[in-house]
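Engineer: Any chance you can model this:
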Amino acid sequence: MSDPRKRREGNKTDESGYSISPSLVENLTIATKYVQQGDAIEIDQHDESCTTTLQRFLSVNAVLSTASSFAIRQQQAAEQDLPLQVIGEGFCGVIYDFPSRGLIIKAGRSNKKQEMWADHVAHVKMWEASKTTKSYAMPRPAYIVQVEDLQAWKIAHRKEIKSHSGFFFDPSAIMVSERILPLPRSIREALVSVFCPSDMKADASNNPANKHCLIRIYLGRRRMNQRVENKFSLRNFELTLDKMEILGVDPQQYVQPMAEALAVMHWAAQIDGADVEFVLGSSPERRISAQTLDSIDLEGDIITTWNMDESKSSGINFLRRSVSIFLLDFNQCRRMPPTPKGIDDAVKAFWENDPYYPRPGYKEGSQEWMLWEQFKGHYLVKSYKILDDSATMPAEFLRRVEEHGNSAARQLFMGGPPPNSATASSSPTPGPSSSMQASQSPIPGSSSSIADTKKGNNNKKQRKYATLG
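Structural biologist: As a prediction, this is how the structure comes out:
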């Protein structure tokens with residue numbers, strides 16, 4: 001089996017497409033220098049408006065008005081046909097902007113037909129299961145076109161798919177979904193001002209790749225230092241706990257979206273959540289509509305779901321965007337049956353994924369401990385709504401996650417730090433130390449306090465599992 005960390009490096013640009021609490025602005029006291037271990041890098045004195053911008057617009061549900069060149073291109077493209085543009089490349093395929101539709105096209109590589117199908121099916125299942133959950137967003141899945149129907153699709157979109165600007169290769173399939181729009185220039189410039197070393201700021205500001213700025217929310221990582229090697233990148237920018245503290249951003253606003261998304265994946269869509277991503281991105285103020293697809297079977301025939309009579313999206317305002325936490329990238333997800341084996345797979349997926357979720361095992365009273373306790377509470381509340389109050393597997397999943405975390409901490413204490421697995425532009429994350437301990441004390445909303453409220457919920461209607469197959 002391939003190394004999941006290396007696989008994620010290949011996947012990291014596939015579809016990643018964020019925001020922060022305005023109430024914290026008054027209390028902001030930003031450090032003008034950020035001294036790191038090892039290679040010390042100074043963050044220059046920067047305009048306070050940059051940190052204010054980041055606090056306001058890295059907040060969930062913020063609404064932005066923008067006149068950026070990208071927004072103007074998207075607004076114009078919604079009214080006319082423009083050729084495809086490559087915006088990313090990953091392990092599974094190449095990502096193209098589909099500007100005349102407000103969508104993206106993921107063109108699968110020749111040997112990735114099954115992965116493309118699995119990605120689309122899991123995406124649709126999660127989309128259907130998430131319709132009543134408002135805490136997180138998802139790019140709407142549109143359709144998938146298999147290789148035998150690609151020629152007809154190209155003819156239908158011949159204005160966009162031209163010989164000089166079409167696909168780089170013959171795809172095994174194409175998957176079409178709503179595009180998560182990058183964060184606008186004001187946010188990009190503020191990130192460069194606050195976090196980029198002085199000698200790299202000009203290059204970072206002028207690098208076209210940095211226009212595709214999406215922010216990964218890492219509640220399970222705190223960097224003791226940050227090395228910037230070769231260049232500063234805003235693509236898949238990592239917003240870790242230490243950076244949130246520098247900006248005065250409250251990480252608690254991100255806990256509920258992640259916890260509820262994981263619960264929906266496990267108990268409604270019944271997928272293990274392997275290699276999914278959580279990013280802050282923006283979308284048009286009115287979301288793009290897509291046909292409801294609820295009859296897809298992962299274990300059935302691989303088919304085309306494109307409606308040849310599709311109509312264009314209309315009335316979309318690309319110049320006003322809302323900021324949300326988006327859940328995306330399902331090509332590594334697998335079916336999670338409600339069995340002990342299914343929980344095993346889910347625990348493995350939790351620990352092998354990038355550190356989006358809070359992590360257990362930290363000292364009681366620490367910020368990390370608080371985030372994990374809140375995560376547990378939100379996960380259990382959502383799980384019981386999906387299942388019923390007598391369900392035991394959600395709590396068992398959390399117990400197993402904590403057990404794994406405690407075991408990892410003990411191994412680290414006895415055997416020293418693990419091999420460096422950090423991304424190329426960053427320093428390794430310190431693992432749990434000997435001072436960390438699993439907490440048994442509940443806080444409001446945690447598993448213990450929720451258990452005390454179960455007796456009053458006996459009249460809740462029992463909900464069945466929504467299976468993937």
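Engineer: SS state for Ile104?
Structural biologist: Following DSSP: H, G, I helix; E, B strand; the rest coil, the label given to Ile104 is strand.
Engineer: How about the contacts made by it?
Structural biologist: Glu15, Ile87, Ile95, Tyr96, Asp97, Phe98, Pro139, Val176, Ser177, Glu178, Arg179 (C-beta atoms under 8 Å, 6 or more residues apart in numbering). (Each C-beta comes from the backbone N, C-alpha and C, glycine too.)
Engineer: which of these count as buried?
Structural biologist: Buried members of these, counted by 16 or more other C-beta atoms under 10 Å: Glu15, Ile87, Ile95, Tyr96, Asp97, Phe98, Pro139, Val176, Ser177, Glu178, Arg179.
Engineer: Please name whichever of those residues scores lowest on pLDDT.
Structural biologist: On pLDDT alone, Glu15 ranks lowest of those, at 43.
Engineer: Could I get the full set of helices for the chain?
Structural biologist: Per DSSP state H, the chain carries helices over the ranges 4-11, 48-57, 69-77, 113-129, 150-156, 185-195, 201-206, 241-247, 255-267, 340-352, 367-386, 393-415, 447-451.
Engineer: Just say which of those is most tucked in.
Structural biologist: Mean neighbour count (mean count of other C-beta atoms under 10 Å) peaks for helix 255-267 among those, with a mean of 25.
Engineer: quick one: it to helix 367-386, angle?
Structural biologist: Taking axes from the mean of the first three to the mean of the last three C-alpha atoms, to 10 degrees, helix 255-267 and helix 367-386 form an angle of 50 degrees between their directions.
Engineer: still on that earlier bit, as JSON lines, the helices of the chain with distance to Thr304 and mean pLDDT would be great.
Structural biologist: Formatted as JSON lines, these follow (distance: least, C-beta to C-beta, whole Å; pLDDT from 0 to 100):
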{"stretch": "helix 4-11", "distance to Thr304": "24", "mean pLDDT": "51"}
{"stretch": "helix 48-57", "distance to Thr304": "39", "mean pLDDT": "73"}
{"stretch": "helix 69-77", "distance to Thr304": "25", "mean pLDDT": "51"}
{"stretch": "helix 113-129", "distance to Thr304": "11", "mean pLDDT": "93"}
{"stretch": "helix 150-156", "distance to Thr304": "8", "mean pLDDT": "89"}
{"stretch": "helix 185-195", "distance to Thr304": "37", "mean pLDDT": "89"}
{"stretch": "helix 201-206", "distance to Thr304": "42", "mean pLDDT": "91"}
{"stretch": "helix 241-247", "distance to Thr304": "43", "mean pLDDT": "93"}
{"stretch": "helix 255-267", "distance to Thr304": "26", "mean pLDDT": "98"}
{"stretch": "helix 340-352", "distance to Thr304": "29", "mean pLDDT": "97"}
{"stretch": "helix 367-386", "distance to Thr304": "31", "mean pLDDT": "97"}
{"stretch": "helix 393-415", "distance to Thr304": "36", "mean pLDDT": "82"}
{"stretch": "helix 447-451", "distance to Thr304": "44", "mean pLDDT": "45"}
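Engineer: Go through the contacts of Ile104 and name the one nearest Ile303.
Structural biologist: Closest to Ile303 out of the contacts of Ile104 is Val176 (14.5 Å), distances taken as C-beta to C-beta.
Engineer: So what sits opposite that closest one in the bridge?
Structural biologist: With beta bridges defined as DSSP bridges, Val176 has these partners: Ile105, Tyr143.
Engineer: quick one, what contacts the nearest residue to Ser205 once chain neighbours are set aside?
Structural biologist: Counting by C-beta to C-beta, 6 or more residues apart in numbering, Ser205 lies nearest to Val192, which is 5.7 Å off, once chain neighbours are set aside. By C-beta under 8 Å, 6+ apart, the contact list for Val192 reads Lys201, Ala204, Ser205, Asn210, Phe232, Leu234.
Engineer: Show the model's pLDDT score for the last one.
Structural biologist: Per-residue pLDDT puts Leu234 at 90.
Engineer: From what I see, it and Ala204 are in contact.
Structural biologist: Yes: with contact defined as C-beta atoms under 8 Å, Leu234 reaches Ala204; the gap is 7.2 Å.
Engineer: related to what we said a few turns ago, counting only strands, which of the contacts of Ile104 make the cut?
Structural biologist: Among these, the ones falling in strands (DSSP state E) are Ile87, Ile95, Tyr96, Asp97, Phe98, Val176, Ser177, Glu178.
Engineer: So the residue nearest to Ser205 versus Lys201, what's the distance?
Structural biologist: Counting by C-beta to C-beta, to the nearest Å, the separation of Val192 from Lys201 is 6 Å.
Engineer: rewinding a little: mutual contacts of Leu234 and Ala204, please.
Structural biologist: Val192, Asn210.
Engineer: so Gln85 bridges to which residues?
Structural biologist: Assessed by DSSP bridges, Gln85 has beta-bridge partners Asp97.
Engineer: How many residues are close by it?
Structural biologist: Burial of Gln85 is recorded as 14 neighbouring residues (other C-beta atoms under 10 Å).
Engineer: which residues sit in contact with Gly342?
Structural biologist: Per C-beta under 8 Å, 6+ apart, neighbours of Gly342: Gln270, Asp272, Met336.
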